[in-house]
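Q: Model the structure of this input:
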Amino acid sequence: MADKTLCLSASEAPYRHYDVHSLYGWAQAEPTLRAVQLVTGRRGLVLSRSTFPGSGQWAGHWLGDNRSNWTDMAHSLIGMMEFNLFGIPYIGADICGFFGEAEEEMCQRWMQVGAFYPFSRNHNVKGAMDQDPGVWGEAVARSSRKALEIRYRLLPYLYTLFFEAHTRGTTVVRPLVHEFSSDRHTLGVDDQFLWGAALMISPVLTPATTQRQVYFPQDAWYDYYSGTPVQFPGEKATIRAPRDTIPLHIRGGHVLPTQRPARNTAAARRLPMGLIVAIGRDRRASGRLFWDDGESINTVAEKKYSLVQFSFVQHTLTGVVETNANEDLKGLTLAHLEFLGVEQPPSAVVYLGTKVPDSDVTYEAASMRLTVNIAHQLNLDFELELKDIWQYEVSMK
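A: I've put the predicted structure just below:
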């Protein structure tokens, strides 16, 4: 506030500038969004660097003119978590940094973590060297594509998190302590973060590093890439992190909706969907899918959206359409199911009373991952049973 602004004692009757400095951006966000929607007839997007608590109902925020260095990349995680607390969940930093000259390894790692910013954009100052993934060669382009394709695959889960933030005031990006508030070891963790309650992201934030320490709070966790269960939850573990990989883990007890990635969301919205069912310690998992047309204004307020509830208990997965007011689910196919934490291969998989062909069922004993291919219309309820996947049955009352 000491640079590039009015004198703090300037009068903006009946207030001092000191008292209202941060309200300017807040006051501009709503009329800007209103104008965009009036002109386009669609929901639009407002992105601001000048926000205030409450701005999140109209605008997203980016973290300003950062620097191309490892320290600022690490600080961006803290900024994301803070702005979610401020009620501004659409948040991100300039990937690879705004000021200064980016460096290959740093930019490669930043592209990986930036794929998990809610607002994901590589951006730098005019006149600086190019820093898009393609300038660094095939290895950086390939690893950036790998991370971004995971983002695109998980967009239905991310979109549902934003629906919950909008309707319930929850966070999209959150620190571990939000989910594990009684675990004192999570209090100082600021180099890992969560998407919602279910996906933990543990980026590499230091140079010349191909492994890192990851803290796993006490719960069931699965490696995103292999599906392998984490052996020692409640402890720190050294996790491999090759230059082309960002460590990701899925928390047991959750169902994450997915969709086959494409070059843009308009194309992806028409592609088959899937579910990652990460079975919890109690042999349960649950999750939701929010869906609308992706561009209309006030779909939530006017209840012009669809909501599907998924639940797994012991050996049975169900999907219940809670609302499909605008028929947005029509034509969407649920095609690929991935179950994590399955003790043994099923003797049969039964979908709506019919046995799924063995050619559509794959079990990986080393990782305890089961994949099932079906062709289900998402606007209909369903039930799928995995027979004899446990060595013994337990009461689920």
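
Q: Could you spell out which stretches of the chain belong to which domain?
A: 11-157, 173-251, 254-387 (automatic domain parsing).

Q: Ok, which of the ones you listed comes nearest residue 1?
A: In terms of C-beta to C-beta, the element of the domains of the chain nearest to residue 1 is domain 11-157, at 6.2 Å. Heads up, the C-betas are built off the backbone N, CA and C, glycines and all.

Q: picking that back up, in a markdown table: the domains of the chain, plus mean neighbour count, distance to residue 1 and mean pLDDT.
A: Formatted as a markdown table, the domains of the chain follow (neighbours: other C-beta atoms under 10 Å; distance: least, C-beta to C-beta, whole Å; pLDDT from 0 to 100):
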| stretch | mean neighbour count | distance to residue 1 | mean pLDDT |
| --- | --- | --- | --- |
| domain 11-157 | 18 | 6 | 95 |
| domain 173-251 | 17 | 26 | 97 |
| domain 254-387 | 17 | 36 | 96 |
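
Q: In CSV, list those along with distance to residue 167.
A: CSV is the format used below for the domains of the chain (distance: least, C-beta to C-beta, whole Å):
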stretch, distance to residue 167
domain 11-157, 12
domain 173-251, 14
domain 254-387, 6
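
Q: For the stretch 151-300 of the chain, which segments count as strands?
A: 173-174, 193-195, 199-201, 211-215, 221-223, 236-240, 248-251, 254-259, 273-278, 284-291 (DSSP state E, counting those that start in this stretch).

Q: who does the second one touch, helix- and strand-wise?
A: Secondary-structure packing of strand 193-195 (3 or more C-beta pairs under 8 Å, 6 or more residues apart in numbering; DSSP states H and E): helix 70-85, helix 155-168, strand 173-174, helix 176-179, strand 199-201.

Q: Where do the helices of the chain begin and end?
A: Using DSSP state H, the helices assigned to the chain run over residues 17-20, 23-40, 70-85, 104-114, 138-153, 155-168, 176-179, 265-268.

Q: distance of residue 381 from residue 356?
A: Distance of residue 381 to residue 356, computed by C-beta to C-beta, to the nearest Å: 17 Å.

Q: repeat for residue 295
A: 36 Å.

Q: Residue 117 and residue 148, how far apart?
A: From residue 117 across to residue 148, the span is 11 Å (C-beta to C-beta).

Q: next one: residue 319
A: Distance from residue 319 to residue 148, by C-beta to C-beta: 28 Å.

Q: re the thing from before, adding distance to residue 80, write the strands of the stretch 151-300 of the chain out as TSV.
A: Listed next are those as TSV, based on distance: least, C-beta to C-beta, whole Å:
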stretch	distance to residue 80
strand 173-174	5
strand 193-195	7
strand 199-201	10
strand 211-215	18
strand 221-223	21
strand 236-240	21
strand 248-251	16
strand 254-259	20
strand 273-278	23
strand 284-291	21
